[in-house]
Each structure stands twice: as C-alpha cells, then as structure tokens.
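Visitor: any chance you could fold what I've pasted below:
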Amino acid sequence: MRTDSIPVVGADIAVVGGSIAGCATALAAHRAGAGRITVFERAGAHLADRGVGLAVHNSRYAELTAAGYMDAAMPWVQLTTRRWYVREGAAPLGRQIAALPFPFRSYCWGPLWQELRGRLPATTDFRTGTPVREVRATANGAALHLGDGPSSGAADGAGGAPSTIDRFDLVIGADGYRSVVREAAFPEVRPRYAGYLAWRGAVPAERLAALDPPGLPPEPWAEEDCIYAVFPGGHVILYRIPDGRGGHRANWVLYTTPPADAGLRLDTPTSLPPGTLTDALHSHLRHVTEALLPPCWGGLIRLTPPQEVFIQPMYDFTAPRYTAGRLVLAGDAATVARPHTGGGAVKALQDAAALEAALLAAPERPGALDAYGAERGATGRTMVELGRRLGRPLVQETPDWGALDQTGVESLWSAADGSGAFGGRALQS
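Guide: Prediction:
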C-alpha cells in the first residue's frame, strides 16, 4: 500500500505512545494539517514526574529550535566539559586522566515532556491509561484494537469481551522498544540484549550536603562538568539536570554487567522500575560504588535510596525503514541505540521534524513518506552501530584506564566514534 495516497489535510491520525516521541510526532501531524489527532498512552498519570536526565548536543539543539521542537523555555543546564576519573587510593574525586569538550544541554525528562505536551492543540484527544493491543492494516488505513479482549476470529463472548476498534488514515508508532506498531510493520525485528545493564537515579540538591568523604572540596564538580568515572567493566556518568522547580538534581547512569546470581531473564525486552531490584542487584551496585569508583562518585550514587534506583537492560535494534503502508515509526519504536551515543532524545525529536516535512510534502511529492522512512532508517542504523562501538571500550572490553592519559583517552574515543555521530547525526533539510 502506498503511503503517498494519504489525504494528509483533515486526516484522522493516531499516535500510539504519548511520551516525548509521541507528543513531538502528534505536534508534527498537527502542523501538517491533520484533522483529528488521537494519542494513546498506556501509562496512567504521572508522566510529568519522571526525573531521568537526558542531554542534547548544542548543534542538534540549534537545528531542533529552528524546526520548532525545542527552545529556551524548556529548563536546561549548559554542559561544556567531560572529565574522566579513575579511582586512586582514598582520593575523594579519584585521579583525572582526561578532559574532553562536551557541548551539551541537559534536561529532565518530565519538564521536557510537559513543554511538548503543552504545545499540542486543545483538540488533541490524549488518552492516558489506554494500551493498544494490536495494530492491523486495512484497505485505506489502519485499525487499532484496544483493551484485553479478542481482536478477531472469536465469537462474541468467547475469551472475554471483544476489544474496541478504532480506524485511522495513518498510525504513528511512538510506543517505545516494545512497540505494537513495529510488531505489525516489521514482525521480524526484535530488540537484542547487549549483555549489560544501566543503573539509574537522580539525587536532589538537598541530599548532596550528606556527601562528605574526607578531603572533599566544597564544590566537587562544576555545574558545567559532566563526569565519566571509569572502572574495569564499566563506568558511571554524572551531570546536573533541572529539577522542575528552579533547582538542580545530580543525574547518574552506571553501566556494568549484572552479577551471575541476579536471576534475570532478559532475552525478552523488559525493565526493572524503582522498588523491583533484587538483593543481588543492590549488593552488586554497592560493591561497584564502594570498591571500584572514587569515594565521591560512589558516595553520590549511594545517596539514592534503594527504592528509587531503577535498571534499564541494554537492548539495541533498528527497523529497516520507518514506514510500512499506513504505519509510520518514530523514536524508540523505530530504533533503540545504547545511550552511550548521547542522541536518543535528539533522534526522537528529529524523527518528528522530518515527519512533519514529509507530511507537508506528501500531497505534491509522491513518495515523501517513503523517503522519510528510508532516510530515518539510515540514521537509525548509524546510531545503533555507534552505540555498539562505544559499548565495547566503555563496558564490554574496558582498557586499563589507569594507564591512559589525555592522549590515550582522546585516541580511544576517536577510534570508537569514527563517524562523528556522538550526540546525534545532523538533521537533513
């Protein structure tokens, strides 16, 4: 089925997924002239409360501002320098082995989502707590099956109440790495577990007063610094993010392999939300923070109570293209690259900007949406490959960090980021 036959102006468009990618693509559909826009988000309330940090390269921010998807009204912290530390005896910060430029703006997921959500027109039907069970192509669009009942092939009353069916001219899948839209478009594409985990947390500023190992400077690290504390088998990244109230939090992400006794089954994509980590996982995190990291950075992580720590197993994949008939993919539904790339949120917003351009061009230029699918698919492959290259020295095959100096770290990073795609590829105009 050709995507260029869609009557974009006045079209009924569904967006599956209401997070950052979902809000951005809904905004893209609105700007392109869609008639009815319905967003289906499986989670209930509290999306705005998510406190995870993310970073946007300065150059990508400039492009997304020009495209109308970011601006200075979104709370942010300017970062400039990435400082690399290794543990050295009892030195509070460890020993700095390198400092590299880091021209990024940091954000908090919740406030950024709120800004994007607030830009959707009041006519947008934003349905929280509404999971989409299945997506199916139809003769002139696509159908969404909602609820827990059978979608087809069952008599009324067999196997539970039938699901609700909604039909749309176009369905945008922005529903993350377990996307039902991608499953319909490309059932052969499966996320692949990379073999290690990301522990995550965010420390409110008021807790940092408890960070007082002997010899610690009054200001352990400058506001504009991003910290890479590296150790055998992994590393932690720390940087400040807005807290949504005019202050800051210390955002941290620690990457390493799970302990053998963790009892995790990770072949099927999953995550471990706050409050679900096992004793073995908590013990492993404590071992890393106490024995492998410099005292300051390990102590900062331990300021996050166990019930607030959550884990993201590392998966990666990309769809071969981002369109299949009347189904369109964006964000993590289309591509998941390991976060080492520093470009996950950027790619989702770029997808929205590129989709808007394609929808606007579709009435006059046959194949505009297909071109979107091919171009963004190529970008997705680039980012997945970069994430894998960076994952090797940063986690899977770590060097003797203590033997490296400024030149050594620069060479290591240059070899891994040979494409220069760290922070995201430039948005094609």
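
Visitor: is residue 128 in contact with residue 22, as I believe?
Guide: No. Using CB atoms under 8 Å, residue 128 is not in contact with residue 22, being 11.1 Å away. All C-beta atoms are positioned from the backbone trio N, CA, C, and that covers glycine.

Visitor: what ranges do the helices span in the protein?
Guide: 20-31, 58-66, 109-118, 180-185, 279-287, 295-302, 344-361, 368-391, 406-416 (DSSP state H).

Visitor: so who does residue 270 touch?
Guide: residue 313 (CB atoms under 8 Å, 6 or more residues apart in numbering).

Visitor: could you do residue 13 as well?
Guide: Applying CB under 8 Å, 6+ apart, the residues near residue 13 are 29, 34, 36-38, 168-172.

Visitor: quick one, what contacts residue 121?
Guide: 30, 37.

Visitor: ok, it to residue 129 distance?
Guide: According to CB to CB, to the nearest Å, residue 121 stands 21 Å off from residue 129.

Visitor: residue 46 too?
Guide: Using CB to CB, residue 46 is found at 11 Å from residue 129.

Visitor: repeat that for residue 281.
Guide: On the measure of CB to CB, residue 281 and residue 129 end up 29 Å apart.

Visitor: look at those two and report which has more neighbours.
Guide: For residue 281 versus residue 129, neighbours defined as other CB atoms under 10 Å are more numerous around residue 281 (22 against 10).

Visitor: the more buried one contacts residue 263, correct?
Guide: No. Counting by CB under 8 Å, residue 263 is not a contact partner of residue 281; they are 9.3 Å apart.

Visitor: which residue is nearest the centroid of this structure?
Guide: The residue lying closest to the centre of the chain (CA atoms, centre = their mean) is residue 344, at 4.6 Å.

Visitor: give me the pLDDT for it.
Guide: Here the pLDDT value assigned to residue 344 is 90.

Visitor: run through the bridge partners of the residue lying closest to residue 240 once chain neighbours are set aside.
Guide: Excluding the flanking residues, the one nearest residue 240 by CB to CB, 6 or more residues apart in numbering is residue 248, at 4.5 Å. In this entry, residue 248 is beta-bridged to residue 242, by DSSP bridges.

Visitor: one more: the one 4 residues further on?
Guide: When bridges are assigned using DSSP bridges, the partners listed for residue 252 are residue 201, residue 238.

Visitor: ok now do it, which residues does it touch?
Guide: Contacts here follow CB under 8 Å, 6+ apart; on that basis residue 252 touches 200-203, 236-238, 300-301, 304.

Visitor: go through those residues and name the one nearest residue 312.
Guide: Among the contacts of residue 252, residue 200 lies closest to residue 312 (CB to CB), at 6.5 Å.

Visitor: distance from the chain centre to the helix or strand of the chain with the lowest mean pLDDT, please.
Guide: Least confident helix or strand, the chain: strand 164-168 with a mean of 90, by mean pLDDT, DSSP states H and E. Centroid displacement of strand 164-168 relative to its chain, using CA atoms, centre = their mean, to the nearest Å, is 28 Å.

Visitor: need the contacts of residue 252 in JSON lines with pLDDT, can you?
Guide: Below are the contacts of residue 252 laid out as JSON lines (pLDDT from 0 to 100):
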{"residue": "200", "pLDDT": "96"}
{"residue": "201", "pLDDT": "95"}
{"residue": "202", "pLDDT": "94"}
{"residue": "203", "pLDDT": "94"}
{"residue": "236", "pLDDT": "98"}
{"residue": "237", "pLDDT": "98"}
{"residue": "238", "pLDDT": "97"}
{"residue": "300", "pLDDT": "96"}
{"residue": "301", "pLDDT": "96"}
{"residue": "304", "pLDDT": "95"}
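
Visitor: closest to residue 272 among those residues?
Guide: Nearest to residue 272 among these, with distances taken as CB to CB, is residue 200, at 10.1 Å.

Visitor: got the contact list for that closest one?
Guide: Contact analysis of residue 200 by CB under 8 Å, 6+ apart lists 52, 252-254, 309-312.

Visitor: out of those residues, which is most surrounded?
Guide: Sorting the contacts of residue 200 by how many neighbours each has (other CB under 10 Å) puts residue 254 first, at 26 neighbours.

Visitor: if we can go back for a sec, now for the residue nearest to residue 240: which residues touch it?
Guide: 77, 205, 223, 240-242.

Visitor: swap in 7 Å and give it another go.
Guide: By CB atoms under 7 Å, 6 or more residues apart in numbering, residue 248 lies in contact with 77, 205, 240-242.

Visitor: need the max-distance pair from these.
Guide: The most widely separated members of the contacts of residue 248, counting by CB to CB, are 77 and 205 (11.9 Å).

Visitor: the more surrounded of those two?
Guide: Between residue 77 and residue 205, counted using other CB under 10 Å, the more crowded position is residue 77 (20 against 13).

Visitor: what's around the residue nearest to that one when sequence neighbours are not counted, how many residues?
Guide: Of all residues not flanking residue 77 in the chain, residue 106 sits nearest, at 4.6 Å (CB to CB, 6+ apart). If you count neighbours by other CB under 10 Å, residue 106 ends up with 24.
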